[in-house]
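Q: Show me the folded form of this:
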Amino acid sequence: MLLYYYVNTTPKIDGRYEVHAIGCVQTPLIKTSSPLGEFASCQEAINAAQLNYPKATGCYYCCKECYTS
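A: Take a look at the predicted model:
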C-alpha cells in the first residue's frame with residue numbers, strides 16, 4: 001500500500017529533518033513541510049528526502065520502523 005510522505009523543512013535541534021506519513025499526529029505546518037510523494041515504505045521516502053536533506057530520518061510516531069535517535 002502506498003502512503004503519501006513529506007519532510008519537515010525545519011530541522012530539529014540536533015539538525016535532523018523528520019519524514020512524516022500523511023495523517024501523522026506530529027504533522028508540521030504546511031509552510032514548514034515539503035511533499036515527497038507516494039512510497040511503498042518509509043525507507044523509500046527517507047531516501048528521497050535525503051537527496052535534499054541528508055540528515056532526514058523517520059518520525060517516531062508515523063515512521064517508527066525508520067526512526068533513528
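
Q: can you map out the strands along the protein?
A: Counting by DSSP state E, the chain has these strands, from start to end: 3-8, 17-21, 33-39, 56-58.

Q: and Ala48, which of those is closest to it?
A: Counting by Cβ to Cβ, Ala48 lies closest to strand 33-39 out of these; the figure is 5.1 Å. (C-beta placed from N, C-alpha, C; glycine too.)

Q: What mean pLDDT does the closest one get?
A: Confidence over strand 33-39, taken as the mean pLDDT, stands at 96.

Q: Tell me how many other residues crowd Glu38.
A: Neighbour count of Glu38, defined by other Cβ atoms under 10 Å: 13.

Q: Any chance of the backbone angles for the residue lying closest to it once chain neighbours are set aside?
A: Setting aside the residues directly before and after it, Glu38 is nearest to Leu2 in space (Cβ to Cβ, 6 or more residues apart in numbering), at 4.2 Å. Note on Leu2: backbone dihedrals following degrees, to the nearest 10 are phi -80, psi 140.

Q: Just the pLDDT for Leu2.
A: According to the model, Leu2 carries a pLDDT of 95.

Q: what's the neighbour count on it?
A: Counted with other Cβ under 10 Å, the neighbours of Leu2 add up to 10.

Q: what's the residue positioned nearest the centre of the chain in contact with, if anything?
A: With distances taken as Cα atoms, centre = their mean, the chain has Val19 as the residue nearest its mean C-alpha position (0.6 Å). By Cβ atoms under 8 Å, 6 or more residues apart in numbering, the contact set of Val19 is 5-8, 36, 42, 45-46, 49, 56-59, 63, 66.

Q: at 7 Å what do you get?
A: 5, 7, 42, 45-46, 49, 56-59, 63 (Cβ atoms under 7 Å, 6 or more residues apart in numbering).

Q: phi, psi of the residue lying closest to Tyr4 once chain neighbours are set aside?
A: If the residues on either side of it in the chain are set aside, Tyr4 comes closest to Ile22, at 4.2 Å by Cβ to Cβ, 6+ apart. Main-chain torsions, Ile22, degrees, to the nearest 10: phi -60, psi 140.
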